[in-house]
Every structure is written in structure tokens, then in C-alpha cells.
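>>> Below are the sequence and a predicted model for it; my questions follow.
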Amino acid sequence: SHPALRTELAGIALRNPVGLAAGYDKNFEVLPSLTSLGFGYVIGGTVTQTSRPGNPQPRVIRYEQDESLVNAYGFPSKGLNNAVTELQSALPDTMAPVIASVSGLTIEEIVACHRGVEPFVSAVEVNISSPNTAGLKAFHDLNVLAELLDAINANRSKPLFVKMPPFPPDTAGGEEADARALILQMAATCTERGVDALTVANTQPIEDSRLAVGSGGLSGKLIFPAMLRMVKEMRDAVGNDIAINAVGGISSGRDAFEALSAGADTVQILTSLIYRGPGVVKAIN
């Protein structure tokens, strides 16, 4: 609660710049408890329009020595109606701004989720980048992305965030440069369409035969260096017209400071909360 930690994100006043990333409280079931841990803001979800079971188990593997994990959840969700009910119940007892993560396989699904949750939260983050959900890559087409953002903008009144896919690893060869260029073009499209913040970035796609679906998204310390490079490049590309939320492997005050110094406005954590416990938020601050 030190005054030096106070900041804002897209006009939302925050007591500190440390947020909880989407994917921990998928159905908004423990928001008051999470906000009491000291977060500057908390993201719940990801919400889908109808209930979804997600991918078959096993769908989470821990890389304990590296304080990392790979997940292949695939958006398990109790659906939009349940999310609204939980939000209405929890919000009177929350101690920090709540943001909702939403997604879907069509523009219509995402717009429905956005309109359903927006009245109850401080902002909405649209997830178009989960590596565990088939169909989301359709929104990496610049024309489709622009159409989605235009549809959301037609009826939105609160800040809008977009969660970006990560840059591919340097080992991807020539494909890596093309993929990086596309992601930067996606960021430019978001900026042009008035998106308030980019969350940089989603988990890194990785194969692991122990998962039922054979692959998932890597998070935690192993992806921190790549996240830091992406934040720097993204800030250089978009300038100061849009906020950046850095997420990927942050587990200490030094990590958070490096991300903010690279150009981020806030940081988000999830995997470090699992490995280091609820005291990690206070420790980072």
C-alpha cells in the first residue's frame, strides 16, 4: 500500500502494478480472497459463452526445478450466465479492481461474453491467443481481428485489453521473423482500433507427451527472458499510445522491475503464485 506503488491502467486507479493473470480463478469463485492478497487488480476467467469441459486430463504438468509448468486446459468454463452470477455476488467484497477475461471461437461468442460481463467489471481482456484452444488462430488474421474489435467497440463503455500470442522461439528459423511481424501487425491493429492495453503475452506453445492432448502452453521462469524481449519490442513498435501488461515468469520484485523498465505499465503473475504461495504478491511489491 506504499504511495510509490500507486499507478493507473487505462484510467483505472491501482494501489500497485501487480495483477493476477487470467486462468487462476476461471469462474470468479474466490475473487474477494484473491484481492485480499494485495494484488493491484485481479483477472478472472477466461469466460466462454456456454459451459465447456476443456481438454481431457492430464492437462497440467509441473516443471518443479524450473518453477514452471505447462497447461493444456482448453478453456474449461461454467459459462457466461454463471460468471455474471458469481460476479454479482463477489464484487461487494472485493478490495481491488476486477477484470474479466473472455474468449470464444466466433466473433459473436466473444461479443456476447464481452457484453455480458462488462457491466460488472472495471475492464475486459479478450483472449485470442491461448495455444490450447483450437480455432483461436482465426483471430490472428488482421481482417478478422479488426472485425472483432469493431464489433466490440460498437457497444463498449469500459477499457478493453487484448491478450497477445508470444513471439516464437529463436529456433524457428525464417518462420520466426514472419510470425513476429504478424504479431506486431496485430498490435498495430489493436492500437488503431482503440484497444487500451495489450497483455504480453500468452503461454509459449510446447509439446509434452505426458499431456493427454500432447501439447500445451509453457509458463513460469523458463519464459521470462523471452517475455522481457517481447515487451521491449512491443513498446518500441506501438509507442506510448497503449498500455502493456507484462506476463510470463515474474516471481520477484526484481523481475517486476525489469518488466516495468522494459516498457510495461503493469505486471501479471500466476505460476509464481503456485510455486511461492500467496505471500509472493507482498514480496514483489
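Looks like it came in fine.
>>> How far away from the center of its chain is stretch 234-244?
17 Å (C-alpha atoms, centre = their mean, to the nearest Å).
>>> Do me a favour and get the end-to-end distance for stretch 38-51?
Counting by C-alpha to C-alpha, to the nearest Å, you get 30 Å between the two ends of stretch 38-51.
>>> and if you look at stretch 169-180?
Span of stretch 169-180 from end to end, C-alpha to C-alpha: 10 Å.
>>> lowest-confidence helix or strand of the protein?
Every helix and strand in the chain was compared by mean pLDDT, DSSP states H and E; the lowest is helix 174-192, with a mean of 92.
>>> Can you spell out which helices and strands pack onto that one?
helix 142-153, helix 224-238 (3 or more C-beta pairs under 8 Å, 6 or more residues apart in numbering; DSSP states H and E). Yep, even glycine has a C-beta here, placed from its N, CA and C like the rest.
>>> Tell me which residues of the longest one come out buried.
By neighbour count on 16 or more other C-beta atoms under 10 Å, the buried set for helix 224-238 is 224, 226-228, 230-235, 238.
>>> From the contact counts, what lies against that helix?
Against helix 224-238 (3+ C-beta pairs under 8 Å, 6+ apart) you get helix 174-192, strand 197-200, strand 243-247, helix 253-261.
>>> Distance to residue 163 added to these, as a markdown table?
Formatted as a markdown table, the helices and strands packed on helix 224-238 follow (distance: least, C-beta to C-beta, whole Å):
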| stretch | distance to residue 163 |
| --- | --- |
| helix 174-192 | 11 |
| strand 197-200 | 4 |
| strand 243-247 | 8 |
| helix 253-261 | 16 |
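>>> Now those in CSV, please, with extra columns for distance to residue 58 and mean neighbour count.
Below are those laid out as CSV (distance: least, C-beta to C-beta, whole Å; neighbours: other C-beta atoms under 10 Å):
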stretch, distance to residue 58, mean neighbour count
helix 174-192, 29, 15
strand 197-200, 27, 27
strand 243-247, 24, 28
helix 253-261, 29, 17
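>>> Which one, of these, ends up nearest to residue 78?
strand 197-200 (22.8 Å; C-beta to C-beta).
>>> Mean confidence (pLDDT) on the helix or strand where residue 70 lies, please.
Secondary structure assignment for residue 70, by DSSP states H and E: strand 68-71. Strand 68-71 carries an average pLDDT of 97.
>>> Distance from that strand to the middle of the chain?
Distance, stretch centre to chain centre, for strand 68-71: 15 Å (C-alpha atoms, centre = their mean).
>>> Run through who's touching that strand.
23, 59-63, 132, 203, 206, 208, 211, 216-223, 249, 271, 274 (C-beta atoms under 8 Å, 6 or more residues apart in numbering).
>>> State the paired neighbours of that strand in the sheet, together with their directions.
Sheet pairing of strand 68-71 (DSSP bridges) gives strand 60-63 (antiparallel), strand 215-220 (antiparallel).
>>> Give the buried residues for it.
68-71.
>>> Likewise for stretch 142-159?
Buried residues in stretch 142-159, counted by 16+ other C-beta under 10 Å: 145, 148-149, 152, 156, 158-159.
>>> same deal with stretch 46-57?
Within stretch 46-57, the residues that count as buried by 16+ other C-beta under 10 Å are 46-49, 52, 54-55.
>>> Give me the distance between the two termini of it.
In stretch 46-57, first residue to last residue: 19 Å (C-alpha to C-alpha).
>>> and it, average pLDDT?
Mean pLDDT, computed over stretch 46-57, is 96.
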